[in-house]
Structure formats: structure tokens, C-alpha cells
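*Asks:* okay, sequence plus prediction incoming.
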Amino acid sequence: MSTLKVLIKKEVLQFKRNSFLPRLVVAFPIVIMLVLPWVTTMDVRHVKVSVVDNDHSQFSQRIISKIQASEYLSLHSVSPSFELSLKSLEDGEVDAILEVPHDFEKSIATGFPKKVSISANSVNATKGSLGAQYLAQTLTGSINELRSSISPARHGDLFVIQNRYNPTLEYRNFMIPALLAILMIIITGFLPALNLVGEKEAGTIEQINVTPVNRFTFTLAKLIVYWVAGLIVITIALVVAWLVYGLTSVGNLLTIYAGAFLFILTISGFGIIASNLSSTMQQAIFFMFFFVMVFMLMSGLLTPIESMPQWAQYLTYLLPPRYFITILRSVFLKGATFYDMRFNFLALTVLAVIMNLGAALTYKKRSS
Amino acid sequence: MSTSPLAIEVNNISKSYGTIMALDHVTLNVKRGEIFGLIGPDGAGKTTLFKILVTLLNADEGDARVDDLDVVKDYREIRARVGYMPGKFSLYPDLSIEENMEFFATLFGVTVEQNYDLVAPIYKQIEPFKKRRAGRLSGGMKQKLALSCALIHKPSVLFLDEPTTGVDAVSRSEFWDMLHGLKQQGLSILVSTPYMDEASRCDRIALCNSGRVLDIDTPQHMVEKFDGSLYAIKSSHMFQLLKDLRSLKTVANCYTAGEYHHLLAGDGFDAGQLVQSLTAQGHEDVELKGIVPDIEDVFIKLLSNES
């Protein structure tokens, strides 16, 4: 039996005997894919609105019923004074206030309309601005209806919005590819790093180091096991995305797997660097955690890279998840081809080489 | 190729960790086919020397050869030829006895059957439990498994770092019998131990402390070389006795040794007079007898000569 084969056999045996790892590989993607797409959403729904109705007209009634009907807005109260509504806003019971001025309906008919005011709680900037926008849209709709009922001239919408690639504006369609990347970082970056440091802590690495086995073969055997685990995990996750969310890739699955494999190579190389530089599990965990935080928050996983400051945007070019996430989202949602993504693939390849070179260079077979 | 009569040569090896000198110009030789004991307390530098010899660590100074191969230049070849059993159990606890054996055999490019004769006397004792995982074995069984794994590729030199630490007295004695069996097969063995009483089971020993070798010789010769008269003494007040004896100019050294204190006679020492004066000081049942020194006495004497 060749050395590599016996080493892989040993890793598989250890992996299977571990009471935790095989379950983790199956349960982890399922749980993450079942729970997180529902909760990591930036869709703003049920913005609570208090209407200050000074007009008491048909128009204000129409607005109120529209707010009640909307799934994005919900009517909290119709209050007689702005002060009262403001009190509710301060108490956090209400997210936005809509104040319809006295004789608003009449002023529209005269051609010199009064102004409706919207005040939103913007402590949560996203919720505040989106809430105000939804309210404004509802209002515009109602005003247009009112105008067209007054004068026969058409006051239709002047623009049409089309949400390409994610027509229902589902935030989870945007998040699922990102979750795949997080799964890969943990299964193929974290686990092999911990496994290698575990051998250091247990002292077994010393017994291995006095055998003629070279370190490359030894590490490769470990990685192969985690690479396979990583591909299994991504497959499970894709199946869950399809079964539960009905989300399938628009583009070629092979392109996704190719990207995933390159990313796995990169991130496992990174895991080995972490394990080489640390001598205990604790150190390795902290090391990995720091970078995982950076990966999660800077690679465009949650927030678009384009809205980061310029210097940070330059930094993101160094982060492997950036390219993987771009590939995933483009192929998954837009049906991009391998050729379209060639620069991302090239960048990932370069990073894979750099990471694995780094892994080889940081390894010292003998301590000095 | 093995022309040199030496299995291990260590020349002026030094190694320090920061400001701590783990090995201070150590020189020693191990002949082929002998059991050489490295004896000294914790912190003597035994493990550091082992790691340098099995190519896990580089020395700061000096050079060493194992089986005629340089530990720095020919490290790959050395790794194929030596068997190393670290002080800490370091086989895979989640693999069974059998799997560990096969795993290490394959890494060395051999099969368990090929060298079964060599490991048989040891392996047979644990073979009935071969399906059991290594992590669930008793201390003595772990030690036998570790030795079997270190032997499976038929090494020419065997390095055993404190193999008997944490093992009961009967198993310790059995273990030394096994080592003598291996010696009969032509293996050269370097073994370290903090237990002075195990010195007599070695062909030659090096007594070491704080990174220095105090003396190298056969255990018998080392005891014979002991110059000075050694006594064992006890009385009804052992602690007071130790204090009193240490204050005397005629006593060169006095230290506890189990039931008795051992006393090394200094200039103008008179046994009869000592018993009298101790009795006068209030000690009852004073018992004083001349004894033959053991390795521990030799070690303590060498230590006091050093300082």
C-alpha cells in the first residue's frame, strides 16, 4: 500500500471514529441553509406607521387603508396630533409618522398642493430610509389616483422598475450563495487547521516526524479528506437550496464546483498557515477567527464592496472569498459562464498558489 | 557500511532555550549493542538530547552521529533507521492496537509480518486486545504498544525517552527484561530515566544534571569509584538529626534516604564519638552503620563536588 493511501485511510478512520465530525458535515449545511436564509435578511417589512390625519378626507382614508393592506407597512394608529405620534415614535412603538395637513385634498384640486410630512426613526438606517421610501411610494400612488380622478388627463407612473436576476427581490437569493462560502470557510479552512494543531497538541506529530514520511504527503492526505468533505457539504447545501427555497443555479453547476474547488484549495492552504504558526488549538482558533471575521465582513458577503471606502475596496482584492462569492452569485443568479468569470478564476488560482506556497514556507520540520 | 563500533556519537552538543541552557557541551558515545542509560532528574536535558539525536531539533553547537550518519545532513536516512519512543504517549488514541501497528509499519515501508519475530515477545502480550483503541489501554499496555511501534521497522538504534515513567514497579521490571531481550537481537539502545534504581539494568550510564554530564561509566564501576566512607544513620528524631549532622564539621554531607539518613564522612570523622555526642544532645536509639553506596549516593556526591 502506498504511503499516501495508508495516510488517507488513517484520516478517514479517525474522521469516522470522531463522534462529532461526520455529524457536523451533514448537519452543519442543513441547519445553516434551513435557518439562516430566513434570518439574515435585510428586507424591511412591517414598518409600523402612525398617521396624523388633519384632513379627515376621502384621500386620508384611502392612504390609511393602503397602509393597512401593504405587507411592508402596518398601521399602528391614527392619532389626532403629531405630538402624540411623536411620543409613540420616541417610545419605539412606531417606526414612521405620516402627517396629512389640513385641507390637503382640496389643495390638490387647486393646483397648489400642501406638503405631507414623513418622519422616520432612523436609528437603524436601513429600516428608517426604506420605511420612509415605502411610505413615499404608497403616498405617490394615492396622489396619482386622486389626480386622475379629478382631471381626466393621465397621470400615470413615469418610470418602471424591473428587478433583474432576483425578480421577487428576495434577500435570501442574495444570501444563499454567501452562506455557501461561509460553509466552505469553516469546513475546509477551520477543520483541517484544528486537526493539524491537534496532532501537535497530542504529540503524535512527533512520532510521524521521525518516520521517513515527508510532510507534504502527510498534509496532503489530511487535506484530501477535507476537500471531499467540503464538496459533500456544498452539494448538501445546494440540494437544500433547491428543495426548500426552490432556488437552482441559472448557470452551469460545473462552474460552481470549479470555483468551489479552487476556493477550497485556497482556504485550506490558509488553514495550514494558521496551524503552522500556532502550537495550540486556542491559538489556531483565534488566528482563524480574526481572518474569518475579516472575510465575512469585507468580502461582499453581507454588504456590497462598492459602498466601502476606496482603501478598503483595494484591500478586498486580497481576500479569496471576494472572488468566490462573485462567481457564486453571478453563476447562480445571472447564469454567468466560466468565460465571463475568467478573471475571478484567475485571481482565485493566484491566491491558491500563494496560500499553499505560504503553507509550505511557514512549515518547519525541525524546531530550532 | 557500519564500520564504526559506535552506535551514537555526541560531540560537544549545546542547546539553549532563551537563557536556559538545556544542554551544556555534552559529549558521550554509545557502543553498538549496549544499553546506555541517561540518568538524571527532570530538567537534566535528557529529552532535548533525544530530540537532537532523532532529528527533531537542531543543536546550537557541536555535532552528533547516529549509526554513522550525521544528524543534520543525513536526517532522512536516520529517520528510517532509528526507533523513537517519546516520553509522552504519542500514538493515535482513536486507532486500535492493530491499526496503529499497521499504520506505522506501512509508513516505514514494511509489514507487521516481516518483522514479527523482533516485536513478538512484546506484541504478543497485547495482541489479545488488538481491536481495542489505543486511547483505552492501561499505562503498561500503552508502553508495550509504543515500544512495538518503535520496533516494527527493525531499527538499528532504539531511543526510549523515560519509558518507565508512570508505570508500576512490576511492569517496569518486565520492561527492562524486554530491553535485554532486544539487546540480544543486536539493537543498540539509549534509554533515559529519572529512577536511579534502574541504573543497574544498563550496561553503561551517564549521570546528568542541568544540561551537563557529571560522569559516564558502568554502574558497577561508578559505585566502586566512590571514595569516602558512607554511613546510614537513624534516631528517634529524624528531622532534628538531619539538622544536627549538617552542622557538624566532621560530616561532609548528610541527606535523607528513606528510613535512614545517609552520611558522608568528612575529615576527622569518628563513628563512636558521633553516636555519643548525638545521644548527649537528646537523640534516642541512635543507629549508625557503614553501607555500600548506590547510584543515588554517587549522584549526590557528584552534585556536591560540582557546586
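*Replies:* Cool, got the structure.

*Asks:* in the stretch 101-250 of chain B, which spans are strands?
*Replies:* B:157-160, B:188-193, B:204-209, B:212-217, B:230-234 (DSSP state E, counting those that start in this stretch).

*Asks:* among those strands, which comes closest to chain A?
*Replies:* strand B:157-160 (8.6 Å; Cβ to the nearest Cβ). For every residue, glycine as well, the C-beta is placed using N, CA and C.

*Asks:* circling back to that earlier point, any chance of the strands of the stretch 101-250 of chain B in a markdown table, with mean pLDDT and distance to A:Val123 too?
*Replies:* Below are those laid out as a markdown table (pLDDT from 0 to 100; distance: least, Cβ to Cβ, whole Å):
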| stretch | mean pLDDT | distance to A:Val123 |
| --- | --- | --- |
| strand B:157-160 | 95 | 67 |
| strand B:188-193 | 94 | 67 |
| strand B:204-209 | 93 | 69 |
| strand B:212-217 | 93 | 70 |
| strand B:230-234 | 92 | 83 |
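
*Asks:* can I get those in a markdown table with mean neighbour count?
*Replies:* Formatted as a markdown table, these follow (neighbours: other Cβ atoms under 10 Å in any protein chain shown):
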| stretch | mean neighbour count |
| --- | --- |
| strand B:157-160 | 24 |
| strand B:188-193 | 25 |
| strand B:204-209 | 23 |
| strand B:212-217 | 17 |
| strand B:230-234 | 19 |
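
*Asks:* with distance to chain A as new columns, can those be given to me in TSV?
*Replies:* Converted to TSV, those look like this (distance: least, Cβ to the nearest Cβ, whole Å):
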stretch	distance to chain A
strand B:157-160	9
strand B:188-193	14
strand B:204-209	22
strand B:212-217	22
strand B:230-234	41
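
*Asks:* point me to the residue of chain A nearest chain B.
*Replies:* For chain A, Cβ to the nearest Cβ, closest residue to chain B: A:Gly203, 3.7 Å.

*Asks:* excluding chain neighbours, what is closest to that residue?
*Replies:* Excluding the flanking residues, the one nearest A:Gly203 by Cβ to Cβ, 6 or more residues apart in numbering or on different chains is B:Ser90, at 3.7 Å.

*Asks:* the one you found is in what secondary structure piece?
*Replies:* According to DSSP states H and E, B:Ser90 maps onto no helix or strand at all.

*Asks:* A helix includes B:Ala252, no?
*Replies:* No: applying DSSP: H, G, I helix; E, B strand; the rest coil, one finds B:Ala252 to be strand, outside a helix.

*Asks:* residues contacting it?
*Replies:* Going by Cβ atoms under 8 Å, 6 or more residues apart in numbering or on different chains, B:Ala252 touches B:Gly228, B:Leu264, B:Ala265, B:Gly266, B:Ser304.

*Asks:* derive a ChimeraX selection command for the buried subset of those.
*Replies:* Buried residues within the contacts of B:Ala252, by 16 or more other Cβ atoms under 10 Å in any protein chain shown, are selected in ChimeraX with:
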select /B:264,265
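
*Asks:* among the contacts of B:Ala252, which are in reach of chain A?
*Replies:* Applying Cβ under 8 Å from any Cβ of the partner chain, the subset of those adjacent to chain A is empty.

*Asks:* what about B:Arg172, how many neighbours?
*Replies:* 21 (other Cβ atoms under 10 Å in any protein chain shown).

*Asks:* quick one: contacts for residue 82?
*Replies:* Chain wasn't specified; assuming chain A. By Cβ under 8 Å, 6+ apart, A:Phe82 lies in contact with A:Val52, A:Ile97, A:Glu99.

*Asks:* that answer is for a different chain, and I need it for chain B
*Replies:* Counted by Cβ under 8 Å, 6+ apart, B:Val82 has contacts A:Val210, B:Leu53, B:Val54, B:Val66, B:Asp67, B:Pro155, B:Ser156, B:Val157, B:Leu158, B:Phe159.

*Asks:* before we move on, what about B:Arg65?
*Replies:* B:Ser4, B:Leu6, B:Ile8, B:Glu9, B:Val71.

*Asks:* which single one of those is nearest to chain A?
*Replies:* Comparing the contacts of B:Arg65 against chain A with Cβ to the nearest Cβ places B:Val71 closest, at 10.0 Å.

*Asks:* show me the helices in the stretch 101-250 of chain A, by range?
*Replies:* Counting by DSSP state H, counting those that start in this stretch, the stretch 101-250 of chain A has helices at residues A:104-110, A:125-150, A:171-185, A:191-202, A:204-209, A:215-245.

*Asks:* relative to A:Tyr257, which of those is closest?
*Replies:* Of all those, it is helix A:215-245 that lies closest to A:Tyr257, at 7.2 Å by Cβ to Cβ.

*Asks:* tilt between that closest one and helix A:191-202?
*Replies:* 140 degrees (axes from the mean of the first three to the mean of the last three Cα atoms, to 10 degrees).

*Asks:* and the helix or strand that comes right after helix A:215-245, what's its mean pLDDT?
*Replies:* Using DSSP H and E, the helix or strand that follows helix A:215-245 in sequence is helix A:253-277. Across helix A:253-277, pLDDT averages out at 93.

*Asks:* pull out the buried residues from helix A:253-277.
*Replies:* Buried residues in helix A:253-277 (16+ other Cβ under 10 Å): A:255-256, A:258-276.

*Asks:* which strands or helices does that helix pack on?
*Replies:* Contact here means 3 or more Cβ pairs under 8 Å, 6 or more residues apart in numbering or on different chains; DSSP states H and E; on that basis helix A:253-277 packs against helix A:171-185, helix A:191-202, helix A:215-245, helix A:281-298, helix A:320-329, helix A:342-362.

*Asks:* so how far is that helix off the chain centroid?
*Replies:* Centre-to-centre, helix A:253-277 and its host chain are 19 Å apart (Cα atoms, centre = their mean, to the nearest Å).

*Asks:* re earlier: which of the contacts of B:Ala252 sit farthest apart?
*Replies:* Greatest spacing in the contacts of B:Ala252, by Cβ to Cβ: B:Ala265 and B:Ser304 (13.5 Å).

*Asks:* still on that earlier bit, the residue of chain A closest to chain B contacts B:Lys88, correct?
*Replies:* Yes: contact criterion Cβ atoms under 8 Å: A:Gly203 and B:Lys88 qualify, at 4.8 Å.

*Asks:* quick check on the closest residue to chain A within chain B: phi, psi?
*Replies:* Closest approach of chain B to chain A (Cβ to the nearest Cβ) occurs at B:Ser90, with a separation of 3.7 Å. With angles defined as degrees, to the nearest 10, B:Ser90 sits at phi -130, psi 40.

*Asks:* quick one: contacts for it?
*Replies:* A:Ala202, A:Gly203, A:Thr204, A:Glu206, A:Gln207, B:Ala146.

*Asks:* the third one: what's it in contact with?
*Replies:* By that I understand A:Thr204. Here A:Thr204 is in contact with B:Ser90, B:Leu91, B:Tyr92 (Cβ under 8 Å, 6+ apart).

*Asks:* now the residues you listed as a markdown table including pLDDT?
*Replies:* Shown next, in a markdown table, are the contacts of A:Thr204 (pLDDT from 0 to 100):
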| residue | pLDDT |
| --- | --- |
| B:Ser90 | 88 |
| B:Leu91 | 92 |
| B:Tyr92 | 93 |
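
*Asks:* which of those residues lies closest to B:Pro163?
*Replies:* Nearest to B:Pro163 among the contacts of A:Thr204, with distances taken as Cβ to Cβ, is B:Ser90, at 12.6 Å.

*Asks:* which non-adjacent residue is nearest residue 129?
*Replies:* Picking chain A for this. Nearest one to A:Ser129, counting by Cβ to Cβ, 6+ apart, is A:Ser122 at 6.5 Å.

*Asks:* actually it's chain B I care about, not the one you picked
*Replies:* In space, and not counting its chain neighbours, B:Phe129 is closest to B:Ile97: 6.2 Å by Cβ to Cβ, 6+ apart.
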